[in-house]
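>>> sharing a model that was predicted from the sequence below.
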Amino acid sequence: MGELRKDYLLDDWVIISPGRGVRPHDVVEEEKVEDKGCVFCPGNEEASPKEIGRLSGKQGWLMRWLPNKFPAVAPVSLADVATHNRFFTFAVNYGFHELVVETPVHNRQLWDFSAQDIERVLSVYCNRIAALELNPGIKYVAVWKNHGAKAGTSLVHSHSQILAQQVVPVRVQQKISAMRRFVKCPYCDIIQSEKNSSRLIFENETVVAFAPYASRFQYEAWVFPKAHMTRFAQADLRAFAEALQKIFSCLKKINASYNMTVTYAPKGADLHCHVEILPRLAIWSGFEFASGTIINSVSPEDAARFYRNE
Ligand SMILES: [Zn+2]
Ligand SMILES: [Zn+2]
């Protein structure tokens, strides 16, 4: 098991995880669907670690969640972050890494799901966040999904990942810190403003989706509950699922690899919770890494038009 290491000076953390490179990999560049011996298919349950839970339907399971066989972190004994020789800040890779298998059907992707199916996935996310943050030393439970080779998925069978860690991710921490500079939640105002802009993608009674003003990714989409809330457990998950389903169905048309991330406030902090959809159509060049500034060749206004089918 590796280590959690911090940059010499910056608040950038890296998980050093030797061994994950040898995990099974059935996604190839052309995304050929290969279903022989898939560890997530019904009948192959024994090939995975003992499941944590499942949702059963009339003909077997609908969803399963289980420990990741190739975890980036592990429930080893918890140790504090330490610094050696001034610049080497590290901790053991303490945490929990789980997978949510979203469907028993090998090649049914999230973008083929109904809003009701997506709602079920979201509610499992909420339950796993609540369960995992009860563990000592866990500061944040990151939830995300990779779809397609360009988004870093290694197995075609649709699944999400959950990683409970001992640090709050830098991007979440930056948003929490930025929010503290405002008297009232800035995202509540941003939602009102973007709802009436050319970047609006979709809205229903309780949820709004828009292409963020400074989108980092082509066709990037953010989905927020309209009312201020910090946790998804408080949200209207069906309304969320409806917005996500609209977005995914558009991404299917262009066969886009994408990541989906779930952002919320860890206990004791304030952050307007939201979901980000990050299509992975462009590959970042040296400029992005050299400057920290991203070149996005699709304007968010055009991206929103694409999602609105205009
Ligand atoms: Zn499968
Ligand atoms: Zn708010």
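That came in fine, so what should we check first? Ligands and ions are numbered 1, 2, ... in the order given.
>>> and residue 80, how far from residue 266?
Distance, residue 80 to residue 266, by C-beta to C-beta, to the nearest Å: 18 Å. Any C-beta I mention is one placed from the backbone N, CA and C, and that applies to glycine too.
>>> tell me which of those two has more neighbours.
Legend: neighbour count by other C-beta atoms under 10 Å for residue 80 and residue 266, higher for residue 266 (19 against 8).
>>> ok, so what distance separates the closest residue in space to the more buried one that isn't next to it in sequence from residue 222?
The shortest distance from residue 266 to any non-neighbouring residue, by C-beta to C-beta, 6 or more residues apart in numbering, is to residue 140 (5.0 Å). Residue 140 sits 19 Å away from residue 222, going by C-beta to C-beta.
>>> how many neighbours does the closest residue to ligand 1 within the stretch 201-310 of the chain have?
Nearest residue of the stretch 201-310 of the chain to ligand 1 (C-beta to the ion) works out as residue 257 at 18.4 Å. Number of residues near residue 257 (other C-beta under 10 Å) recorded here: 19.
>>> list the contacts of residue 116.
238, 241 (C-beta atoms under 8 Å, 6 or more residues apart in numbering).
>>> pretty sure it sits in a helix.
Yes. Secondary structure assignment (DSSP: H, G, I helix; E, B strand; the rest coil) places residue 116 inside a helix.
>>> give the contact list for the nearest residue to residue 139 once chain neighbours are set aside.
Once flanking residues are discounted, residue 139 sits nearest to residue 168: 5.0 Å by C-beta to C-beta, 6+ apart. Residue 168 sits next to 139, 140, 176, 266, 269 when contact means C-beta under 8 Å, 6+ apart.
>>> can you name the residue of the chain nearest ligand 1?
For the chain, C-beta to the ion, closest residue to ligand 1: residue 38, 3.0 Å.
>>> which one is that residue nearest to, not counting chain neighbours?
residue 157 (5.2 Å).
>>> backbone torsions only: list them for the one you found.
Here is the backbone geometry of residue 157 (degrees, to the nearest 10): phi -60, psi 120.
>>> next one, pLDDT for it please.
For residue 157, the model assigns a pLDDT of 96.
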